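Engineer: 3D, please:
(3 chains)
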Amino acid sequence: MITDELRRDTVLGFLKEGKRLSGRAFDEYRPIVVEKDVITSAEGSARVRLGNTQALVGVKVDLSTPFRDKPDEGTLTVGASLLPLASPTFEPGPPDENAIELARVVDRGIRSAEAIDLKALKIDEERVWGIFADIYALDHDGNLIDASALATVAALDNLKMPKYVDEQVVRETAMTLPLREKPVTFTFAKIGDSILFDPDYAEEVAMEARFTVAVGDEYVYAMQKAGRGSFTRKEITDLIDAAFAKRKELLRYL
Amino acid sequence: MQLIFDGKRIDGRSLDELREVKMWAGILNKADGSGYIEWGKNKVIAAVYGPREVIPRHETDPYKAVVRARYLMAPFSSLEEHGRQGPNRRSIEISKVVREVFENVIIAESYPKTAIDIFIEILEGHGSTRCVGINAASLALVAAGIPLRDIPVAISAGKIDGVIAVDMIKEEDNFGQSDMAMAVAPNSGDVLLLQMDGKLTREEVARAFDLIYGAAKEAYAKQVAALKALYAPQKEEIEEAEREGERPEETFGRSEPSPPAPAPSEAEGAGGFGYA
Amino acid sequence: MARIVVPGELLSQKQLRARGTYSSRDGTRSAVIGLYNETDEKFVPLKGSYIPMAGDRIVSVVTEEKVIGYGADIFSPYKALLPSRMTRLRLSPGEVIEAEIVEVSEVKDVILGRPRTLKEGRVAFISPMKVPRAIGKQNSMLQLIQTGTGCEVVIGRNGVVWVKGQREQLAIDALMKIEREAHIAGLTDRMQAWLAEQSGKR
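Structural biologist: Numbers count the residues shown, from 1 in each chain, chains lettered A, B, ... in the order given. You can find the predicted model right below:
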């Protein structure tokens, strides 16, 4: 799109001066707002605003069968929809490679952190609880990954757990399931020689490569490099350090 | 499941050892370029078609070739269950990150308005298939004569029984504590693909990177050998021509300067690598 | 002496600007698999599709009649156009022509000119890399095939070949043999002997 091309030149022009279009520092995140329990029909939900980017996550807990190789564990499934209403660049249809990647990257951070005690979801020899988290991108102004990851963790924390009684699923219970661990996800954009934290839409259009890392206090839980550009080994290592350094700042919202 | 016994892994390897690897290039007839790798028990074949006309037309880029990649696991590729035919979410994600590896190294400006199609089929999978797939596709691209800045090499690493090891087999993938796949450009060391899950401390990440870069050298040497083997007969052709008093460039093609190159885009961030 | 190089190898610290190489921060690197002679800094690509260049004479097949001229398949990733202003010939789809590449634009639009029709006969394909070998120094190999088979032989720079005459299949077989065996020493003599033998048989 023509405007994308114009914006890219503008972004680059600003970066040469050591500035971002928005005036943010290179390592600054946009204002974050996290609202929980926004969808009452869901067992867990959260809406996150990261600057003008908005992601909504709804979580349902349903009866399920375990995976064949993990018969004593419940299941976690993360899906994502890049809704057409979120951006002129999103088209209707089944999830494309970007939606799939988004879901899988968010999933990896949470699963690696073992944030949910999947063993606690076992009901009996045949049945387990399945946790289904669906990411709905509502407004795309860049960095849907971090917004979605934050919303997913917020939505999964203290899920309203149903009961299985007399072969029925009873949803009105007072039981909640707190998370054991809260991974925080950070995404960086590489544009020319500059690396920016929390890219907005214009910066995402201009970027050649993207690096996402999910961290806990001590561990790296997930990493994903994307885009046709590259990173040096040192850049990756430095960004992992930066993520650890910034983790507490974003944890406040959870 | 215990994965290390007396410092050795269940297949007898030490922590920094690659599986047995055999590579061939140019094994298919119809494809413009092809590669086949047996990596441990993995059997992976890759083919490249292109540069060729872009279909559907609307995907054409007037200034450079479009690169497309498809990674698929055959329904019979797993020891256990029969897989479904066709792409699933995992293979779609892998296709994307694999494409991005090759978008980095292919000099796409050489062939505007064309498509370069990369097909990776996992015939038999036994851990680290996306890495083997990338290595096979690299062979196929070179064999097809597609201009590349470098030949990508991909290696996996992981944490098993609390220690870092290189080149994960299926059991280590499934029962280990962390899994990492990385593709690098051998000449610059730049990271073209990086995916990881599990739990690693920063020191463990650094150790994994060390093992991967070390093993990448070994794998790259094998790729180069497989490619040179394909073209060794042609070397004799040149020598014969020289004996007959011809100069190789007269016999085999022009070495005139190539057409003027588009100015390297600064936005590419290619850091001085241009097209000539 | 030449050595085989693979993409990414540093050839020289100078900017060589040769086909099949690219310019890097530290000099010139190969972009395709090829032969590099360090002494005279010459790089010869061993593989690649036919890239149309102005001045080449090629063999192509007319694909359609358009308002502005004729579309033609030159068996490269790029299609070609023979504009009406470049020819008086009236052509139809499927006809084989030999033509010159008059112009190649920056976005690889190929313009043909100075065509001549190649009627009847047969078309075959060899690797564009082998074309100079099949033609030979001062057309020596080409003439060998022509006299040995009693055929008119046209070898396009794009690897498309047209033969017409007494022993068309023999001419095609000869070209396939050259393509296969070019790397084995003594090709010219061998082709001479082979053609004589084949002529005796049939």
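
Engineer: quick one: the strands in chain C, in order.
Structural biologist: C:2-5, C:10-12, C:21-24, C:27-30, C:34-37, C:42-45, C:57-65, C:69-73, C:79-83, C:96-104, C:110-117, C:122-125, C:151-155, C:160-165 (DSSP state E).

Engineer: off-centre distance for the last one?
Structural biologist: Using CA atoms, centre = their mean, to the nearest Å, the distance from the centre of strand C:160-165 to the centre of the chain it belongs to is 13 Å.

Engineer: so where's the stretch 1-150 of chain A uncertain?
Structural biologist: The model of the stretch 1-150 of chain A has pLDDT under 70 over residues A:1-6.

Engineer: would you mind giving the secondary structure of A:Glu204?
Structural biologist: The assignment at A:Glu204 comes out as helix when based on DSSP: H, G, I helix; E, B strand; the rest coil.

Engineer: nearest residue to it other than its sequence neighbours?
Structural biologist: Once flanking residues are discounted, A:Glu204 sits nearest to A:Gly142: 4.7 Å by CB to CB, 6 or more residues apart in numbering or on different chains. Just so you know, the C-beta spots here come from the backbone N, C-alpha and C atoms, and that holds for glycine as well.

Engineer: show me the contacts for that neighbour.
Structural biologist: Shown in contact with A:Gly142 (CB atoms under 8 Å, 6 or more residues apart in numbering or on different chains): A:Gly51, A:Thr53, A:Asp198, A:Pro199, A:Asp200, A:Tyr201, A:Ala202, A:Glu203, A:Glu204.

Engineer: going by secondary structure, it is in what exactly?
Structural biologist: Using DSSP states H and E, no element contains A:Gly142; it sits outside every helix and strand.

Engineer: next up, phi/psi of it, please.
Structural biologist: Note on A:Gly142: its backbone torsions stand at phi 100, psi 150 [degrees, to the nearest 10].

Engineer: from A:Val184, how far out is it?
Structural biologist: A:Gly142 is 18 Å from A:Val184, where distance means CB to CB, to the nearest Å.

Engineer: so where is the stretch 51-200 of chain B shaky, pLDDT-wise?
Structural biologist: In the stretch 51-200 of chain B, residues with pLDDT under 70: B:80-81.

Engineer: can you pull out the strands in it?
Structural biologist: Using DSSP state E, counting those that start in this stretch, the strands assigned to the stretch 51-200 of chain B run over residues B:66-73, B:114-124, B:153-160, B:163-166, B:178-184, B:191-200.

Engineer: pull the number of nearby residues for A:Glu126.
Structural biologist: A:Glu126 has 9 neighbouring residues, counting by other CB atoms under 10 Å in any protein chain shown.

Engineer: just the buried ones from the contacts of A:Gly142?
Structural biologist: With burial judged by 16 or more other CB atoms under 10 Å in any protein chain shown, the buried subset of those is A:Gly51, A:Thr53, A:Asp198, A:Pro199, A:Asp200, A:Tyr201, A:Ala202, A:Glu203, A:Glu204.

Engineer: dump stretch C:146-161 to PDB, restricted to CA.
Structural biologist: Listed next in PDB are the C-alpha coordinates belonging to stretch C:146-161 (Å, rounded to 0.1, in the frame of the first residue of the first chain):
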ATOM      1  CA  GLN C 146      25.600 -30.600 -39.800                       C
ATOM      2  CA  THR C 147      27.900 -32.500 -42.200                       C
ATOM      3  CA  GLY C 148      27.600 -35.700 -40.200                       C
ATOM      4  CA  THR C 149      23.800 -35.700 -40.300                       C
ATOM      5  CA  GLY C 150      23.000 -33.800 -43.400                       C
ATOM      6  CA  CYS C 151      20.900 -31.400 -41.400                       C
ATOM      7  CA  GLU C 152      20.600 -27.700 -41.000                       C
ATOM      8  CA  VAL C 153      21.100 -27.100 -37.200                       C
ATOM      9  CA  VAL C 154      20.200 -23.900 -35.400                       C
ATOM     10  CA  ILE C 155      21.300 -23.600 -31.700                       C
ATOM     11  CA  GLY C 156      19.700 -20.800 -29.800                       C
ATOM     12  CA  ARG C 157      21.700 -19.100 -27.000                       C
ATOM     13  CA  ASN C 158      18.700 -20.100 -24.800                       C
ATOM     14  CA  GLY C 159      19.400 -23.800 -25.300                       C
ATOM     15  CA  VAL C 160      16.600 -24.300 -27.800                       C
ATOM     16  CA  VAL C 161      17.700 -26.200 -30.800                       C
END
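
Engineer: wait, does stretch B:188-199 contact chain C?
Structural biologist: No: between stretch B:188-199 and chain C, judged by CB under 8 Å from any CB of the partner chain, nothing touches; the nearest distance is 8.9 Å.

Engineer: can you tell me the SS state at the nearest residue to A:Ile123 once chain neighbours are set aside?
Structural biologist: With sequence-adjacent residues excluded and distances taken as CB to CB, 6+ apart, A:Ile123 is closest to A:Tyr164, at 5.0 Å. With three-state DSSP as the basis, the three-state label of A:Tyr164 is strand.

Engineer: ok, the most centrally placed residue in chain C - contacts?
Structural biologist: The centre of chain C sits closest to C:Arg157, judged by CA atoms, centre = their mean, with a distance of 2.7 Å. Neighbour list for C:Arg157: C:Tyr50, C:Asp56, C:Arg57, C:Ile58, C:Pro128, C:Val131 [criterion: CB under 8 Å, 6+ apart].

Engineer: same check, this time on C:Met141
Structural biologist: Neighbours of C:Met141 in contact, by CB under 8 Å, 6+ apart: C:Arg133, C:Ala134, C:Ile135, C:Ile178, C:Thr188, C:Met191.

Engineer: drop anything exposed from the contacts of C:Arg157.
Structural biologist: Buried among these by 16+ other CB under 10 Å: C:Tyr50, C:Asp56, C:Ile58, C:Pro128, C:Val131.

Engineer: got TSV for these, with pLDDT and distance to C:Thr39 too?
Structural biologist: What follows is these, written out as TSV (pLDDT from 0 to 100; distance: CB to CB, whole Å):
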residue	pLDDT	distance to C:Thr39
C:Tyr50	84	29
C:Asp56	92	29
C:Ile58	96	33
C:Pro128	84	27
C:Val131	86	26
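
Engineer: now, these that are in helices?
Structural biologist: C:Val131 (DSSP state H).

Engineer: looking at the buried ones among the contacts of C:Arg157, spot the one nearest chain A.
Structural biologist: Of all the buried ones among the contacts of C:Arg157, C:Tyr50 has the smallest distance to chain A: 27.1 Å, by CB to the nearest CB.

Engineer: how near is the closest one to chain B?
Structural biologist: 10 Å (CB to the nearest CB, to the nearest Å).

Engineer: which SS class is B:Arg19?
Structural biologist: Assignment for B:Arg19 (three-state DSSP): coil.

Engineer: pull the number of nearby residues for it.
Structural biologist: Residues near B:Arg19, counting by other CB under 10 Å: 19.
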